[in-house]
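1. Here's a sequence, model it:
(chains A and B)
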Amino acid sequence: MNKLFLIIPIVVLSFFNFSQKQIEYIEYDLENGIHVILHEEHATPIVAISVLYHVGSKNEKKDRTGFAHFFEHLLFEGSTNIKRGEYSELVEKNGGTLNANTSHDRTFYFELLPSNKLELGLWLESERMLHANVDSIGIETQRSVVKEEKRQRIDNQPYASFIGEMFKRMFKEHPYNWQPIGSMEHLDAAEEEDYINFYRTFYVPANATLSIAGDINIDQTKKWISKYFGSIPKGQAINMFRDHELLTESDFEKTYGIEKNKFITNDFNNPKDKKAKNILKSLEDKPINIPRPEKASNELLGLIKDTIYDNIQLPGLFMAYRFPEETNDDMYALQMMNDVLSGGTSSRINKSLVEKQEIAQFAFSFSFGLEQAGIGIFAAIAAKDKELGDIQNEFDRQIDLIKNNLISDEEFIKVRNQYENNFISSRSTVASISEDLANSHVYFGDAAYSNEELSKYMSVTKEDIQKAAQKYLTQERRIILYYLPKEETE
Amino acid sequence: MKNSILTILLFLPTILLAQIDRSIRPVPTEAPIININDSEIFKLDNGLTIILSENHKLPKVTFKLVTGAKPNLEGAKAGLSEIAGSLIMSGTTNKSKDELDREIDYIGARLSATKNSLYLSCLTKHMDKGLSLMSDILMNSNFPKSEVDRIIKKNESNLIALKSDANSIAENVQSKANFPGHPYGEVMTSSSLKNINQENIIKYYKENFVPEGAYLVVVGDITKEKVLSISSKYFGKWSGNLKNETALSNISLPEGNRVIFVKKPGAVQSVIKITFPIEIKPNNEDYLKLKVLNNVLGGGSFGNRLMQNLREDKAFTYGCRSRINVTENGSWFSAGGNFRNEVTDSAIHEILYELKNITNELVTDEEINLTKSSMAGGFARSLEKASTIASFALDIIKNNLPANYYKNYLKELASITKDDLLDVAKKYFNDTKCNIIVVGNEDVLNTLQIFDFDGEIEKLDAFGNQVKDIIQSDITKEELLRKYLNAVTSTSSEKELLKKIKKIKSMEQVSELEMSQMPMTIKSTKLWVAPNSQGDRLEGNGMVFQSSYFDGSKGYTQNMQTGKKEMTKEQIQSKKLAYGIFPEMNYSKTGINYELLGIEAKGNKLVYVLKIEDGISETYDYFDKESFLKTGSLSIRKVKDKSEETSITYSNYQETNGLMFPMTYSFNAGKLNLKGKVTSIKFNVKNDFSEFK
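-> Here you go, the predicted structure:
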């Protein structure tokens, strides 16, 4: 105990002198609405290219859940200029790697390439944005692949359904009700029309953020961006371009009232014909309306208790509280509260439930911050022959403690130091920097947030943490799920 | 703060964009030069080697300490090293676990331990504090009893939870199938956990956490000067030497494709692993070729064959991959993934097909080029991580690689040809001697038999141990023995049986044995004389390989390797417990432990299973449910920490002198396979044991 006090002064001195290095970047908007963020650093000859589309499962229709994620799979299938299966091959044979992920709020694609292949990466992502091509074989294949993904990640994993079970109960009205993986029945029911509409609504320049980090030359990069992304038609004109490639001459004329041959693919934005010019101009000026749900209301009003039977051996307890959206200032205090409760071996929950009382195998709390709402989760897997009721009592006791008392000075310094370390460690790759800048722009309205985040945490006080606990850890308004083993059917 | 950020908001003027032909694919600009910095390497007097890779990009530093000890067989204590690893941070002679945890978290550092390493990651400014904790743990861990008990209890629960995780089950079974009798093949179970205690954990720590042969890898924001001072300050007093290493047993491929099934009730997917050990070490020049080959098949890039065939073409799975694990102490190949129940057999078929294909045909130019470029790119990307350079240096020292191995990596990679890949494919891969592991729903079981070379699927539990579906017996153990004895003596009552046996004073049985591995005939002679004298002899090519003699109270065994030895107390006891021409007649008198387990299916027949324990072995005798004749026997003998299995099957029963004897039998012990044919059985012969002594 005494030894601890010796190191406090040193740490206190370093308090106001965080070792965070600023991320330098430039940003601008293309005329068609794509937001561009560029970060230049030459430590390693590689570049991360990412495109964030501001569409996630919360933008889906109630009867077409899982679409955003399914689209992520489909958009590796190719484009007008890229054959099926060639997309990933082009990246890989150029020494790169690629992937994508879909959340409730966004779909995020990225390539990591040797820096001399930057132009290739830009071309690939612009192809995906402008005119992805999906055939029925691709749809059928990816439909099955997604089903396997769901089986592997959720259905066949012990306890893995708990997130879905929580969200379902927490968000009765808001589309956070369902998970990005969605419903397999909905995917089966989807028709061509659904796919076309989804692409035409959400995969448009004004809904995209292009973030690039790594060994780049800014001037050259801007030229290439202008060539591949700047040439993508603006507003509703992008869908006319797509129709120009897809529709027959007569269908095109019927839809737009002008002959198809008045436009040429390679110079679509500059038709010679006057009427064509006017039609294009009017479509360019019409923005595409991107449907976004209303922010979730504070719906959770009471206490919900349920039991779920799963293919498990040890029972589990999961509790959820309603937290605010991730941009809410209360989230900083709530995150730090979580770290007092659950960050590191010395955290309260680990010490009490796992080490001292030995009632849980694992126990932790974490917060799930989304664009329009948040969830705070407490979870524990029971130790052999231990009761979930005892686990719940101990969680409740810990919650009472943090609501009724200020955390100690030692804990306070600890979580600040943990934040500083995690924060610095999280900026170690160009991939993480490009993603972080894009997220800051989209969710916090400014890429500069990437450089301000740490100071936001550092301005949280012990009182803020207690207040946040009192405000959000509402014992009479929460969800409690008991996971119990299914009877083995032999 | 905002002022310090370079934020330029640029609204580009509306410019007329030039024409663009999107079908033209961009070409790369000049390739960047890939620099691989050198690491600094130095050694302390106590034997610790320090590898430093400076990198000042972030104000962070990491220290990884890896011991030089080889894995050891843990036998009845399987899991000891793992448990010891998870307890290293449980307290030192200076600090309790609570104090350690608090002090580590207080500086926002990460400090963790495994069975052979310690790892510290922290901001440079907290380095001294972090290192003082790390070195205290390294040298002064004291494994308090209460923590030992807690971790053991926690692992008991973990083992229970493991049964609901198909992937962990598959890992367990894979280890056991590929590495029998090798440390990699040992799996912690609830019974091995019971044998682990504070004393043997401390012993493990003292023997393994020693500076001799150990490496400290330092990466990050630190200078050489500072490393020199901290290493003598925090690691200079560390002492100890490695104990002598015991050789690891050799590993071989299964005889043919072997299906192993673990039942997972409620599973909606089957976890499939097609796996076999491979004989290669990290410094083998084939290793890089084998990596390229595996990447074409199912590693690295998305464009690999398994992913393209089983996911993109057939949509059986979210992902199907293969990997090779090459280590100094043992290496293996494994391919598979998670597949929906209905396509389990099809998925196995396709994976085997791809294995066969790649060992028979050259890969295409496109495949090898794609794979090599992808690997070259991955190599370049890996250099972004500060730890990569240091791990290269560690790899070179630990695995005796040439000093310029990583500097030449891209050149070596570029020089690999399609023929090289076919060569290594033939040398290391196969599609006919694989362990085919399936963890899944019982519904898929009957589709798997066609893949097994002998048609008998091994059913294992979550820890890789045999499970048998045994149903309850319809008769008692006494009834079973009576029926068996009546059957072998062709009698119908006990009285008749006794009368018939009484007349037999001695018996000599001679048979010829053929070895599957060697074209040689061995002669086996067994002599029994009432009440309990026995002789046994194996000979061939004019030599006696092995013989034994027992006179009812003492005896000898001798063989060519060890010479003549007196029988141990246990051996004598076991002979006394099972005496007579049909020892089963005397089970009730000698007090031998025997128990009727029930009825199970063996091949296409039902058999009664009788378990017998004589103090040396556990023996399982199988009796046909229809004829009551003995069809076989499995004997498991524990020698120190290992167990040896011997199995015998009997067939072709014929009558000799009113008694039924199997005229053919096969004998199987480890890699030894013998087929026996009885050539003569004689009764009431001369009581002459001279040839057995």
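
2. Quick check: the gap between residue B:22 and residue A:476.
-> 59 Å (Cβ to Cβ, to the nearest Å). Every C-beta, even on glycine, is put in place using the N, C-alpha and C of the backbone.

3. Neighbour count: those two, which is higher?
-> Using other Cβ atoms under 10 Å in any protein chain shown, the more surrounded residue of residue B:22 and residue A:476 is residue B:22, with 19 against 7.

4. So the more buried one: helix, strand or coil?
-> Secondary structure assignment for residue B:22 (DSSP: H, G, I helix; E, B strand; the rest coil): coil.

5. now swap in residue B:649 and tell me
-> Classification of residue B:649 by three-state DSSP places it in strand.

6. Residue A:52 now?
-> What three-state DSSP gives for residue A:52 is strand.

7. Show me the beta-bridge partners of residue B:52.
-> Beta-bridge pairing of residue B:52 under DSSP bridges involves residue B:40, residue B:218.

8. Next up, the contacts around it.
-> Neighbour list for residue B:52: B:39, B:40, B:41, B:42, B:218, B:219, B:222, B:224, B:227, B:390 [criterion: Cβ atoms under 8 Å, 6 or more residues apart in numbering or on different chains].

9. What is the burial count for the last one?
-> Okay, so that is residue B:390. For residue B:390, the neighbour count with other Cβ under 10 Å is 25.

10. any idea how far whatever helix or strand it lives in is from the chain center?
-> Assigned by DSSP states H and E, residue B:390 belongs to helix B:386-398. In terms of Cα atoms, centre = their mean, to the nearest Å, the centre of helix B:386-398 is set 27 Å apart from its chain centre.

11. Report all helices and strands that that helix contacts.
-> strand B:49-54, strand B:60-66, strand B:215-220 (3 or more Cβ pairs under 8 Å, 6 or more residues apart in numbering or on different chains; DSSP states H and E).

12. Can you point out the buried residues in that helix?
-> Within helix B:386-398, the residues scored as buried using 16 or more other Cβ atoms under 10 Å in any protein chain shown are B:386, B:387, B:388, B:389, B:390, B:391, B:392, B:393, B:394, B:396, B:398.

13. same deal with stretch B:564-580?
-> Within stretch B:564-580, the residues scored as buried using 16+ other Cβ under 10 Å are B:567, B:571, B:572, B:574, B:575, B:576, B:577, B:578, B:579, B:580.

14. from the residues you listed, which is closest to residue B:157?
-> Using Cβ to Cβ, residue B:574 comes nearest to residue B:157 of the buried residues of stretch B:564-580, at 39.2 Å.

15. pLDDT score for residue B:265?
-> Residue B:265 carries a pLDDT score of 82 in this model.

16. just the one 5 residues further on next, same as before
-> Note on residue B:270: pLDDT of 95.

17. okay but it is in contact with residue B:437, surely?
-> No - counting by Cβ atoms under 8 Å, residue B:437 is not a contact partner of residue B:270; they are 9.8 Å apart.

18. residues in contact with the one residue in the stretch 1-150 of chain A that gets nearest to chain B?
-> Using Cβ to the nearest Cβ, the single residue of the stretch 1-150 of chain A nearest to chain B is residue A:95, 2.3 Å away. Residues near residue A:95 by Cβ under 8 Å, 6+ apart: A:113, A:114, A:117, B:373, B:374, B:376, B:377, B:378, B:380.

19. To which secondary structure element type does it belong?
-> Here residue A:95 is recorded as coil under three-state DSSP.

20. And the pLDDT for it?
-> With respect to pLDDT, residue A:95 scores 92.

21. And residue B:1, by the same measure?
-> With respect to pLDDT, residue B:1 has a value of 34.

22. Can you tell me how far residue B:278 is from residue B:452?
-> Going from residue B:278 to residue B:452 by Cβ to Cβ gives 21 Å.

23. Who has more neighbours out of these two?
-> Set residue B:278 next to residue B:452 and count neighbours by other Cβ under 10 Å: residue B:278 wins out with 22 against 17.

24. wait, what's in contact with the nearest residue to residue B:409 once chain neighbours are set aside?
-> Counting by Cβ to Cβ, 6 or more residues apart in numbering or on different chains, residue B:379 is the residue found nearest to residue B:409 once chain neighbours are left out, at 6.1 Å. Each residue near residue B:379 by Cβ under 8 Å, 6+ apart is listed here: B:34, B:409, B:410, B:413.

25. Spit out the contact partners of the first one.
-> Contacts were defined as Cβ under 8 Å, 6+ apart; by that measure residue B:34 touches A:45, B:379, B:380, B:383, B:410.

26. Tell me the most packed of the residues you listed, by neighbour count.
-> In terms of neighbour count, residue B:380 stands highest of these at 22 neighbours, by other Cβ under 10 Å.

27. how close does that residue sit to residue A:215?
-> Counting by Cβ to Cβ - residue B:380 and residue A:215 are separated by 10 Å.

28. what sits in contact with each of these two?
-> Counting by Cβ under 8 Å, 6+ apart, the residues touching both residue B:380 and residue A:215 are A:44, A:45, A:46.

29. can you tell me which residues contact the second one?
-> I take that to be residue A:45. A:114, A:115, A:116, A:215, B:32, B:33, B:34, B:380.

30. out of those, who's nearest residue A:67?
-> residue A:114 (34.1 Å).

31. Tell me, how many residues neighbour the closest one?
-> Using other Cβ under 10 Å, residue A:114 has 27 other residues around it.

32. What parts of the stretch 251-400 of chain A come near chain B?
-> A:265-267, A:269-270, A:311-314, A:343-347, A:351, A:354-355, A:358, A:361, A:381, A:383-384 (Cβ under 8 Å from any Cβ of the partner chain).

33. how about 10 Å then?
-> Residues of the stretch 251-400 of chain A lying close to chain B by Cβ under 10 Å from any Cβ of the partner chain are A:264-270, A:310-314, A:316, A:339, A:343-347, A:350-351, A:354-356, A:358, A:360-362, A:381-386.

34. Buried among those? Make that a ChimeraX selection.
-> To isolate the buried members of these in ChimeraX, using 16+ other Cβ under 10 Å:
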select /A:267,268,269,310,311,312,313,314,316,339,343,344,345,346,347,350,351,354,355,358,360,361,362,381,382,383,384,386
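
35. Sort out which one of the buried residues of helix B:386-398 lies nearest residue A:330 for me.
-> For those, the minimum distance to residue A:330 (Cβ to Cβ) is 35.7 Å, reached by residue B:386.

36. And the residue lying closest to the closest one once chain neighbours are set aside, its phi and psi?
-> Nearest non-adjacent residue to residue B:386, counting by Cβ to Cβ, 6+ apart: residue B:55, 4.0 Å away. Per-residue torsions, residue B:55: phi -160, psi 110 (degrees, to the nearest 10).

37. Residue B:55 and residue B:493, how far apart?
-> 89 Å.

38. quick check: domain ranges of chain B?
-> Structurally, chain B divides into domains by automatic domain parsing as follows: B:40-235, B:258-460, B:477-692.

39. export those domains to TSV and tack on distance to residue A:145?
-> Formatted as TSV, those follow (distance: least, Cβ to Cβ, whole Å):
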stretch	distance to residue A:145
domain B:40-235	19
domain B:258-460	5
domain B:477-692	38
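
40. Determine which of those approaches residue A:224 most closely.
-> domain B:258-460 (19.7 Å).

41. need the contact list for the closest residue to chain A within chain B.
-> Among all residues of chain B, residue B:377 sits closest to chain A, at 2.3 Å; criterion: Cβ to the nearest Cβ. Applying Cβ atoms under 10 Å, 6 or more residues apart in numbering or on different chains, we find residue B:377 in contact with A:46, A:91-97, A:112-114, A:117, B:300-301.

42. which stretches of the stretch 201-350 of chain A form strands?
-> Taking DSSP state E, counting those that start in this stretch to define them, one finds strands in the stretch 201-350 of chain A at A:208-214, A:303-310, A:316-323.
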